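Novice: Predicted coordinates and the sequence they were generated for:
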Amino acid sequence: MALLEVKDLEVYYGVINALKGISFEVNEGEIVTLIGANGAGKTTTMQSVIGLIPARHGSVIYDGHDITKMPCHKIVHLGMSQVPEGRRVFQELTVYENLMMGAYSQGKKANFKEDIDSIYERFPRLAERRNQIAGTLSGGEQQMLAMGRALMSHPKLLMLDEPSMGLSPLLVDQVFEIIKDINKDGTTILLVEQNAGKSLAISDRAYVLETGSIVLSGTGAELAASDKVKKAYLGG
Amino acid sequence: MNIFETLLNGLSMGSTYAMIALGYTMVYGIAKMLNFAHGDVIMVGGYMIFLTMASVGNPILGLAIAVVFCMLLGITIEKVAYKPLRGASPLAVLITAIGVSYLLQSTAQMIFGSAPKMVIVADLGNVMLGSIKLPVYTLVTLGCSFAIMIALSLFVKYTKIGRAMIAVSEDKGAAQLMGINVNGIITITFAIGSALAAFAGFFMLLKSPSLTNTLGAMPGIKAFTAAVIGGIGSIPGAMLGGILMGVVEAISLTIPAIAPYTDAIEFSILIIILLVRPSGILGKKRREKV
């Protein structure tokens, strides 16, 4: 059964039709990627699924709940988590406090200590900088923090919006390794990327988004081999 | 007048301004709007104290009723007048706030009339410190408001809701992604700000017992000025700005040559500070996030 099922999702900004009725699904345990050019509607899709932007038509079913009209904070409590585009860590809070915000949806105490230790284990850099103000971290460190923060809520579905944006090639590889690891530990992943090559390589399935519509879908390997994708997104 | 007395008087006035300024600055930080009806919540609190004093005669009960009533009023104003305008142009929200301000003032005038009510909250007398005569109300005002401000700072820094408030003020969208109910945080902010306004009303009546429907108008504007001087959105900034405003006011009032120009002097501080530091003394320059 699909963990996330999006059907005929339509989103408008004023009169502009940003998503023209897209349908896709993410099954439990998968890594699914949406690739597409700038302005194709990838971020809109991510924000609409998690309730930050209202949908005009269509439905979003997550883990058996109809979340189409649900406000974002309630969806997060159902175990969906998102690393937003541009990281958006809380600049004025420390690394530790940012991780604490990530655990906001968790009940009293829960296993906060253990959770934060497991984040520090996955991202040793964050442990070194735990008391540093997040705004002073490098771009790569902020990306690690944004991922760590999103993991603090024990998501069943982790959505990552352009996690490799603006990072050095070495860090990009590291980010994709971490995503694979997180998935191996049992978290389902929905990924949005402009780096089609690297993301298709780690994906079980993928969808190609063009100006608000899904134009292609298939397994990661199938899409990586398709002429259309090669030409448009893999540079030949 | 002794310099020590002047200073104490200024600190006590300033801490009252600081209490009001906190309401402006917290609402601005979190809801990104200027609640110009905030000063009039003070006045409503004043009338609640008046009603309690007239019927039961207990000032502490009066304060408690004023605090609760003002919190409910603040929450209601936000739900009815401001929430429907979320995402509207700032000008529309500003005009609505001014409208709410007149609505409160006019309603109070319809109910209580325009003649001032005398509200003798409590006659606390004076204490002598050597040769210095100190009115007890200034000490009470100063002590209570400092205790409240410390409590508020601890609340914001160390509680889950307080940290959620910081998160919302920095990035509403990211805060929602953490599972924070932004509307709930805005409601709590209005409740806290209005409760502080009720305290400010109590301190003002303690100082001078005359109550009219414009009680909160001038202190409201001065406290707003104080919040901007300190850096709007900054909690320590509002405290600092308020205290500064009060001390300048007290000093200016004791010098006969400039006493008539006290208000002008206070507002010119704003102009000077904004020329030197446009974001206020403790205000941070923030990148606008797209």
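Specialist: Looks like it arrived, so ask away. All values derive from a computational prediction rather than experimental measurement.
Novice: show me what contacts residue A:69?
Specialist: With contact set as C-beta atoms under 8 Å, 6 or more residues apart in numbering or on different chains, residue A:69 has these partners: A:54-55. In short, each C-beta sits where N, CA and C put it, glycine included.
Novice: residue boundaries of the helices in the chain?
Specialist: All of this is about chain A. Ranges of helices within chain A are A:42-49, A:72-77, A:95-102, A:112-122, A:124-128, A:139-151, A:169-184, A:196-202, A:220-225, A:227-233, based on DSSP state H.
Novice: was after chain B, sorry
Specialist: Remark: helices assigned in chain B by DSSP H are B:3-31, B:38-55, B:59-77, B:90-112, B:136-158, B:160-170, B:172-177, B:182-207, B:217-230, B:235-254, B:262-276.
Novice: from the middle of its chain, how far away would the fifth one be?
Specialist: Translated: helix B:136-158. 13 Å (C-alpha atoms, centre = their mean, to the nearest Å).
Novice: residue contacts, residue 8?
Specialist: Went with chain A since none was named. Counting by C-beta under 8 Å, 6+ apart, residue A:8 touches A:21-23, A:57-59.
Novice: my question was about chain B
Specialist: Neighbours of residue B:8 in contact, by C-beta under 8 Å, 6+ apart: B:134, B:138-139, B:142.
Novice: out of these, who's nearest residue B:120?
Specialist: Nearest to residue B:120 among these is residue B:138, at 16.9 Å by C-beta to C-beta.
Novice: Could you give the number of residues near the residue of the stretch 151-290 of chain B found nearest chain A?
Specialist: Nearest residue of the stretch 151-290 of chain B to chain A: residue B:179, at 3.2 Å (C-beta to the nearest C-beta). Other residues lying near residue B:179 total 23 when counted by other C-beta atoms under 10 Å in any protein chain shown.
Novice: from memory it sits against residue A:73, does it?
Specialist: Yes: using C-beta atoms under 8 Å, residue B:179 is in contact with residue A:73, at 4.9 Å.
Novice: what is in contact with the two at once?
Specialist: Listed contacts common to residue B:179 and residue A:73 are residue A:105; contacts here mean C-beta under 8 Å, 6+ apart.
Novice: just to revisit the earlier point, now the residue of the stretch 151-290 of chain B closest to chain A, nearest residue through space, not along the chain?
Specialist: With sequence-adjacent residues excluded and distances taken as C-beta to C-beta, 6 or more residues apart in numbering or on different chains, residue B:179 is closest to residue A:105, at 3.2 Å.
Novice: Pull the contacting residues for the one you found.
Specialist: A:73, A:76-77, A:153, B:178-179.
Novice: and if we set it to 7 Å?
Specialist: Counting by C-beta atoms under 7 Å, 6 or more residues apart in numbering or on different chains, residue A:105 touches A:76-77, A:153, B:178-179.
Novice: Please tabulate the helices of chain B in TSV and include distance to residue A:115 as additional columns.
Specialist: Below are those laid out as TSV (distance: least, C-beta to C-beta, whole Å):
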stretch	distance to residue A:115
helix B:3-31	27
helix B:38-55	40
helix B:59-77	34
helix B:90-112	39
helix B:136-158	20
helix B:160-170	15
helix B:172-177	17
helix B:182-207	23
helix B:217-230	37
helix B:235-254	29
helix B:262-276	44
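Novice: will you turn those into CSV that also has mean pLDDT?
Specialist: Putting these into CSV (pLDDT from 0 to 100) gives the following:
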stretch, mean pLDDT
helix B:3-31, 94
helix B:38-55, 96
helix B:59-77, 97
helix B:90-112, 96
helix B:136-158, 94
helix B:160-170, 94
helix B:172-177, 96
helix B:182-207, 97
helix B:217-230, 96
helix B:235-254, 95
helix B:262-276, 94
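Novice: Perfect, that will be all.
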